[in-house]
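Asks: Below is the sequence, then the predicted model.
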Amino acid sequence: MKVLVINGSPHLTGCTDRALREVEETMKANGVEVERVNAGNKDIRGCIGCNFCREHGRCVFSDLVNETAPKLAEADGVVIGTPVYYAGANGQLLAFLDRLFYSTSGTVDKTMKVGAAVVSSRRAGSTSAFDEINKYFTISAMPVVSSTYWNEVHGFTADDVEADLEGLQTMRNLGKNMAFMLRGISLAAQAEGLPAQERGVFTNFHHE
């Protein structure tokens, strides 16, 4: 079992990293292989809707998005972490996720890959960021992993997060739940395969 962890913070040793490390260590202790990708400190532009990826199977911009696509294909699950700046997820991360999920929609089957959002905020705005990230999973047939509270930590620095004992507890429970769900889905897939997804209908209300 392998999980791709995406850090959407430009601060590689900041609050988001501290939360993700707690999840990572717990997953490793439960037999899960972990690979980290740092997206928040890269120069990543947004999607331009050119549909180059539809024909060529990769994004027109050759950057971290195309480098990450094979890692996403190999992973059984994804954990995405973001800081909160203006009451939502980091814009750099959202640009990365828009292009990663869209450009791989025809090449990477995400069905039953499990997903989890991790959010770091000083005080507020975390639930809207949590919602933004979870939507990438729910439109991709990816089960969302929960914990014993919203998957968030609070603090202005990584040292502050150390004092957020409930937040770190939530991260550990998230790691355990993710490992458990990965095992359960793997066993079900081996026994009966993945559920078939219908893709034939596309409603656009356009009439000739």
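Replies: That came in fine, so what should we check first?

Asks: Closest to the centroid, which residue in the protein?
Replies: Centroid check for the chain by C-alpha atoms, centre = their mean gives residue 80 as the closest residue, at 3.2 Å.

Asks: Quick one: mean pLDDT for the helix or strand hosting it?
Replies: Element membership of residue 80 [criterion: DSSP states H and E] is strand 77-83. Across strand 77-83, pLDDT averages out at 98.

Asks: next SSE after that strand?
Replies: helix 91-103.

Asks: which residues touch that following helix?
Replies: Here helix 91-103 makes contact (C-beta atoms under 8 Å, 6 or more residues apart in numbering) with 6, 8, 10, 39-40, 42, 44-47, 53, 58-59, 61, 64-66, 68-69, 72, 80, 82, 85, 110, 132-133, 136, 140. Any C-beta I mention is one placed from the backbone N, CA and C, and that applies to glycine too.

Asks: Please type out the ChimeraX selection for whichever of those residues turn out to be buried.
Replies: The buried residues among those can be selected in ChimeraX (16 or more other C-beta atoms under 10 Å) with this line:
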select :6,8,10,39,40,44,47,53,59,61,64,65,66,68,69,72,80,82,110,132,133,136,140
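
Asks: which other helices and strands contact the strand holding residue 80?
Replies: Counting contacts by 3 or more C-beta pairs under 8 Å, 6 or more residues apart in numbering; DSSP states H and E, strand 77-83 packs against strand 2-7, helix 15-29, helix 91-103, strand 114-121, helix 126-138, helix 165-192.

Asks: Fine by me, thanks again.
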